[in-house]
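Chemist: next comes the sequence, and after it the predicted model I'd like to discuss.
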Amino acid sequence: MNGEGLQHQDGHSLILSGLIPNCISYDPTFAYEIAVIVQDGMRRMFREQEDVYYYLTVMNENYEHPEMPQGAEQDIIKGMYLFRKGQNSDGKPAAPRVQLLGSGTIFREVIAAADLLKREWGVDADLWGCPSFNELVREGNDTARWNMLNPSAKEKICHVEHCLNDTRGPVIAASDYVRMYAEQIRPFIHRRYVTLGTDGFGRSDTRASLRHFFEVDRRWIVVSALKALADEGTIDRSKVAEAILKYGIDVNKPNPMSV
């Protein structure tokens with residue numbers, strides 16, 4: 001999501017990097033993720049002399065970088081870690097809940113969407129940083145292959161399944177790249193899964209405008225989460241219509257994949 005003209009629009013590079021077996025690719029959000037990834041790359045490439053190389057996508061947006069969640073290092077390397085757990089109900093009936101996934105700078109919009117869901121719609125959201133959907137799908141496919149070839153052994157679960165195993169609610173993922181980037185892990189999510197991405201022709205504009213155009217900003221994330229909850233029967237569909245009206249979303253807006 002570069003906002004620098006058609007010739008620079010890059011929604012697919014992480015998909016292409018995933019096709020190269022020894023390319024280890026990441027789309028980090030925060031400085032601590034980059035530090036962990038670079039340290040891991042130095043270990044593998046220089047100390048252990050592995051025949052791999054690392055590809056990182058980073059943006060030139062200015063924002064505060066929080067402290068790393070305690071003990072998140074290995075999960076960052078694996079491609080998915082718990083950034084923040086949603087609020088508890090404090091003895092009250094359980095509130096509707098969703099799982100929000102994001103990578104790169106769009107993760108900040110995901111965090112903002114979680115705050116909107118809680119404040120304006122009473123929906124709790126667990127936040128998951130996903131610096132590498134590519135590493136997640138590789139490990140997931142490797143786990144599935146092992147299970148197929150070892151039918152008599154206890155089945156293994158992949159990292160995505162391990163992360164989401166004790167959670168509830170639909171899963172919504174957003175990135176500044178095409179939907180296919182987050183779509184890769186769909187086989188390992190055994191519930192409703194919605195992906196948002198920048199499918200369509202490149203545009204030259206501000207990132208805020210582009211994210212609205214491609215329907216990936218906090219408002220679209222909130223509407224997608226409410227729609228997923230409504231589809232499950234957790235909330236009434238009128239809440240989705242109310243959110244569309246509240247956030248000024250034009251229902252006649254052209255599909256960005258078609259223009």
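Modeler: Cool, the structure landed.
Chemist: list the buried residues of stretch 133-142.
Modeler: 133-140 (16 or more other Cβ atoms under 10 Å). Bear in mind the C-beta positions are built from the backbone N, C-alpha and C, glycine included.
Chemist: and stretch 181-188, by the same measure?
Modeler: By 16+ other Cβ under 10 Å, the buried positions in stretch 181-188 come out as 181-185, 188.
Chemist: which of those residues fall in helices?
Modeler: Within the buried residues of stretch 181-188, residues falling in helices by DSSP state H are 181-183.
Chemist: which residue sits closest to I172 in space, ignoring its chain neighbours?
Modeler: With sequence-adjacent residues excluded and distances taken as Cβ to Cβ, 6 or more residues apart in numbering, I172 is closest to V194, at 4.7 Å.
Chemist: tell me what the helix or strand in which that neighbour is found is packed against?
Modeler: Per DSSP states H and E: V194 is located in strand 193-196. Contacts defined by 3 or more Cβ pairs under 8 Å, 6 or more residues apart in numbering; DSSP states H and E place strand 193-196 against strand 171-174, helix 179-183, helix 218-231.
Chemist: which residues make contact with the second one from outside it?
Modeler: It stands for helix 179-183. Here helix 179-183 makes contact (Cβ atoms under 8 Å, 6 or more residues apart in numbering) with 14-15, 27, 101, 103, 130, 133-134, 173-175, 195-197, 199.
Chemist: ranking helices and strands of this protein by mean pLDDT, which lands last?
Modeler: Least confident helix or strand of the chain, by mean pLDDT, DSSP states H and E, is helix 207-213 with a mean of 89.
Chemist: now Y54: phi and psi?
Modeler: When read as degrees, to the nearest 10, the backbone of Y54 gives phi -110, psi 140.
Chemist: pretty sure it sits against P28.
Modeler: No: between Y54 and P28 there is no contact under Cβ atoms under 8 Å: 11.0 Å.
Chemist: picking that back up, and the least confident helix or strand of the chain, how far out from the chain's middle?
Modeler: How far helix 207-213 lies from its chain's middle: 17 Å, per Cα atoms, centre = their mean, to the nearest Å.
Chemist: again, but for stretch 185-193
Modeler: That offset, for stretch 185-193, works out to 13 Å (Cα atoms, centre = their mean).
Chemist: next, the contact list for the residue nearest to the spatial centre of the chain, please.
Modeler: For the chain, the residue whose C-alpha lies nearest the mean C-alpha position (Cα atoms, centre = their mean) is G102; its distance is 2.6 Å. By Cβ under 8 Å, 6+ apart, the residues touching G102 are 29, 109-111, 127-130, 173-175.
Chemist: so of these, which ones are in helices?
Modeler: In helices, defined here by DSSP H, the members of these are 109-111.
Chemist: between the residues you listed, which is nearest V251?
Modeler: Of all the ones in helices among the contacts of G102, V251 sits closest to E109, with 20.9 Å by Cβ to Cβ.
Chemist: now that closest one. Nearest residue, chain neighbours left out?
Modeler: Nearest non-adjacent residue to E109, counting by Cβ to Cβ, 6+ apart: R218, 4.6 Å away.
Chemist: do T234 as well
Modeler: Nearest residue to T234, sequence neighbours excluded (Cβ to Cβ, 6+ apart): P96, at 4.9 Å.
Chemist: now V171, which residues is it bridged with?
Modeler: Judged by DSSP bridges, the bridge partners of V171 are Q99, Y193.
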